[in-house]
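> Fold the following, please.
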Amino acid sequence: MPGVSHQNGRYFLYGDREVGVMREYQLQKDSLIYQQKEYRFTVKGENIIKHPTGIAYHKGLPTFVGNSVRQNAAGTVWKAVINCINWDGFLKSKTLDGNLIKTIEDDACIQGTRPEYVRYKGKWFVATADYGNKANEVRLYDPKALSKANKTSEKEILFKKFTCSPWIQNLHWIADKGILVLIQNQVEGRKWRLTFLDLEKSLSIGHESVIAVIDTDKTDELEGFTFTGEAEKGIAVSSSRKNNVSFMDFAFGS
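A predicted model of the protein is given here:
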């Protein structure tokens, strides 16, 4: 389950191994160069965020990391959890020891959680979305209230929501355009799709307002995506065991 988070020129790729892990990279030309820094989502060696499903980071606001917790051996029942963590402390110590602030059950979700910061009418919210194909939603949570909550169903956590298309693996916010990107698959677990939404319009009408849909001919499972510092260049990560990082060029939004 890989994903990618771009933060001020630093690229963090995360996923699950024997424990949930994250590694730091720098972009040089058309290559991501590993910085020999590995971070583990563990406390005293215990695997806390085994299946990381999104990192919501914004300077000056709480940092959240999503997690899917398997509830049965068959892998058909999952619980969604959002962890509030001390991001600077985590980057310094490279583990969650002393850096896990709060674990919040995302029981307002329908299937899964994938946190990402978005801006709506001048205020920052944590957006998240469902994976499955039944009653899918994008939800906006108040970050300060969320950081103190035990469950997302508590009062004053959920701010607004809208219905959306299925098989969402992650979210990406394009701040200067007000566009939310749904990082999806065309069918369950296969074939890449990126759906670009007008966030403000989607929230006002209650369902996704689509600007563009980009499908590719890649057949594996798209799991993470971010735009780079360069306009219209993106990095996608998939579920493949090898060659699972791809660079994408867009003529979109010019």
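
> Could you pull up phi and psi at Glu221?
Dihedral pair for Glu221: phi -100, psi 110, per degrees, to the nearest 10.

> For it, which non-adjacent residue is spatially closest?
Excluding the flanking residues, the one nearest Glu221 by Cβ to Cβ, 6 or more residues apart in numbering is Ser239, at 3.8 Å. Just so you know, the C-beta spots here come from the backbone N, C-alpha and C atoms, and that holds for glycine as well.

> what's Leu57 in contact with, if anything?
That one is not Leu; residue 57 is Tyr. Contacts for Tyr57 (Cβ atoms under 8 Å, 6 or more residues apart in numbering) come out as 5, 7, 63, 87, 117.

> Mind doing that once more with 10 Å?
5-8, 12, 63-65, 85, 87, 115-117 (Cβ atoms under 10 Å, 6 or more residues apart in numbering).

> Relative to Ile211, which of those residues is nearest.
Glu116 (17.3 Å; Cβ to Cβ).

> what's the neighbour count on that closest one?
For Glu116, the number of neighbouring residues by other Cβ atoms under 10 Å comes to 25.

> Correct me if wrong: the residue nearest to Glu221 contacts Val245.
No. Applying Cβ atoms under 10 Å, one finds Ser239 not in contact with Val245, separated by 11.8 Å.

> Quickly list what's touching both of the two.
Taking Cβ under 10 Å, 6+ apart as the criterion, Ser239 and Val245 both touch 2, 224.

> Leu158: which of the contacts of Tyr57 is nearest?
For the contacts of Tyr57, the nearest to Leu158 is Pro115 (13.4 Å; Cβ to Cβ).

> about what we covered before: just the buried ones out of the contacts of Tyr57, please.
Neighbour-count burial (16 or more other Cβ atoms under 10 Å) applied to those gives 5-7, 12, 63-65, 85, 87, 115-117.

> Now for those residues: which two are most distant?
Between any two of the buried ones among the contacts of Tyr57, the greatest separation by Cβ to Cβ is 18.1 Å, found for His6 and Ile85.

> what separates the residue lying closest to Asp97 once chain neighbours are set aside from Lys151, distance-wise?
Once flanking residues are discounted, Asp97 sits nearest to Val43: 5.5 Å by Cβ to Cβ, 6+ apart. Counting by Cβ to Cβ, to the nearest Å, the gap from Val43 to Lys151 is 21 Å.

> more neighbours, those two?
Val43 (15 against 12).

> Spit out the contact partners of the more buried one.
The neighbours of Val43, taking Cβ under 10 Å, 6+ apart as the test, are 49, 95-100.

> got TSV for these, with secondary structure too?
Output for the contacts of Val43, formatted as TSV (DSSP: H, G, I helix; E, B strand; the rest coil):
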residue	secondary structure
Ile49	coil
Thr95	coil
Leu96	coil
Asp97	coil
Gly98	coil
Asn99	coil
Leu100	strand
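
> which of those count as buried?
The neighbour count (16+ other Cβ under 10 Å) marks 49, 95-97, 99-100 as buried among the contacts of Val43.

> The buried ones among the contacts of Tyr57 in helices, which ones?
Counted as lying in helices by DSSP state H, out of the buried ones among the contacts of Tyr57, are Trp87.
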